[in-house]
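In: Have a look at this prediction, sequence included:
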Amino acid sequence: MVNLTVNGRSHTLDVAPDMPLLWVIRDELGLTGTKFGCGANQCGACTVHVDGQPARSCVTPVGKASGKNITTIEGLSRDGRSHPLQKAWVAEQVPQCGYCQSGQIMQAASLLKQSPLPSDAQIDAAMSGNICRCGTYTRVKAAIKRAAGAKGA
């Protein structure tokens, strides 16, 4: 049995402790916003927060996440209102295919929590592990800056 708190809700699940957290989130809990990209910790599409830190759920065994707080893209917004990053993503028209975007937003949310007004270099460093096959990196950076400005306002 594995105990997880996902997006503020407690769950006790009868799953193998070596099952990737991604499959627990998607298949056991039905939260499909977190995507499978590569399965090898290379693309960032599966990024979630584990105790507030970004983690690649495709390579994180659920047993290592047991007893920890997990936040997925579905849990990023509070009180039914979109997170400033989600609003910025729309305003900057970031997604094309959209597949990597939940992981991108989760990585960016971690960055803004650590550095509320990040520099270009900080954005580049924080986002370097998240791949966008559509090449929307310029718009991702603009959205992060927009969200940082909104949070600082």
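Out: Alright, I've got the coordinates.
In: isn't residue 92 right up against residue 142?
Out: Yes: using CB atoms under 8 Å, residue 92 is in contact with residue 142, at 4.8 Å. No exception for glycine: its C-beta is placed from N, CA and C like everyone else's.
In: end to end, how far does stretch 32-49 reach?
Out: 15 Å (CA to CA, to the nearest Å).
In: again, but for stretch 28-48
Out: Stretch 28-48: ends 16 Å apart by CA to CA.
In: what comes up buried for that stretch?
Out: For stretch 28-48, the buried set under the neighbour-count rule, 16 or more other CB atoms under 10 Å, comprises 28-29, 31, 33-35, 37, 43-48.
In: and the longest helix seen in the chain, how far from the chain's centre?
Out: For the chain, the helix with the greatest residue count under DSSP state H is helix 137-152. Centre-to-centre, helix 137-152 and its host chain are 16 Å apart (CA atoms, centre = their mean, to the nearest Å).
In: Next: stretch 95-105.
Out: 10 Å.
In: Mind putting the buried residues of stretch 28-48 into JSON lines with pLDDT?
Out: Shown next, in JSON lines, are these (pLDDT from 0 to 100):
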{"residue": "28", "pLDDT": "97"}
{"residue": "29", "pLDDT": "98"}
{"residue": "31", "pLDDT": "97"}
{"residue": "33", "pLDDT": "96"}
{"residue": "34", "pLDDT": "97"}
{"residue": "35", "pLDDT": "97"}
{"residue": "37", "pLDDT": "94"}
{"residue": "43", "pLDDT": "97"}
{"residue": "44", "pLDDT": "97"}
{"residue": "45", "pLDDT": "97"}
{"residue": "46", "pLDDT": "98"}
{"residue": "47", "pLDDT": "98"}
{"residue": "48", "pLDDT": "98"}
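In: in this protein, what spans have low per-residue confidence?
Out: Low-confidence segments of the chain (pLDDT under 70): 151-153.
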